[in-house]
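**Student:** Sequence and computational prediction follow.
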Amino acid sequence: MTSPDASGPGDALLRFYRLEGPDARGRTLPEIWAWDAARLEGVHDYIQWLFPLAEPSAFNPQAPILTEETIAVFRADLELRQRLLQSLVLMLGFYGLTLSTEPGSAPRIEPAADFAAKRRGWLRAGDHNQLRLTRILASLRLLGLGDHSQALFACLAAIARDHPHDVSAATLDYWRRGAAG
């Protein structure tokens, strides 16, 4: 049996998150982390690299697909999970949310001071960013940041309660399943 570090379909994703290689379009992780909100909104084929899943993407045929081996590598490697967390912080900022952590406590995600302005860009029924959030929830859970997935779901559920016309019951259910598995 080969190591997931040596060969296999997870190689490109692991190289990407280890800062050793680009995504399928030649972009590095730090380059994506430096994007502004307009680019995060306008480009649609990076989210699958930041938050990979175990099934093929319907929107990006070049997206990596998580294997059990790649999941195990992420779960065992603190540096990979810290980079995944940095990807989360990037997207939280885009959505107008903020992460707070205190030693010994579960992470908390809440609306940030700029939430009212930023929510106009994504908080509306049927917006593609709601699909992105489903992906983020599931990817965090799979790759070892289950507490962060739960914190994000709790925040999104509260937002859905406050904005019932902007988040459908079906979307809330997708978010719930993404966080819970």
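**Tutor:** Right, received. Where do you want to start? Numbers count the residues shown, from 1 in each chain.

**Student:** Which secondary structure element is home to the spatially most central residue of the chain?
**Tutor:** Closest to where the C-alpha atoms of the chain average out (Cα atoms, centre = their mean) is Ile136, at 2.9 Å. For Ile136, the host element (DSSP states H and E) is helix 128-142.

**Student:** So which residues make contact with the helix or strand just after that helix?
**Tutor:** Going down the chain from helix 128-142, the next helix or strand is helix 146-162, by DSSP H and E. Contacts with helix 146-162, where a contact means Cβ atoms under 8 Å, 6 or more residues apart in numbering, come from 85, 88, 92, 97, 99, 106-111, 119, 123, 133, 136-138, 140-141, 166-167, 171-172, 175-176, 178-180. C-betas here are computed from N, CA, C, even on glycine.

**Student:** I'd say Ile109 and Tyr95 touch.
**Tutor:** No: the pair Ile109 / Tyr95 is not scored as a contact, 9.6 Å apart, by Cβ atoms under 8 Å.

**Student:** Give me the more crowded residue out of those two.
**Tutor:** Using other Cβ atoms under 10 Å, the more surrounded residue of Ile109 and Tyr95 is Tyr95, with 27 against 23.

**Student:** Can you tell me what sits against stretch 84-97?
**Tutor:** Against stretch 84-97 from outside (Cβ under 8 Å, 6+ apart): 17, 29, 32-33, 35, 37, 40-41, 50-51, 74, 98-99, 109-112, 114-119, 122, 129, 132-133, 136, 139-140, 143-145, 148, 152, 155.

**Student:** mind listing what's buried in it?
**Tutor:** Leu84, Leu85, Ser87, Leu88, Met91, Leu92, Gly93, Phe94, Tyr95, Gly96, Leu97 (16 or more other Cβ atoms under 10 Å).

**Student:** And it, how far out from the chain middle?
**Tutor:** Taking Cα atoms, centre = their mean, to the nearest Å, one finds stretch 84-97 lying 8 Å from the centre of the chain it belongs to.
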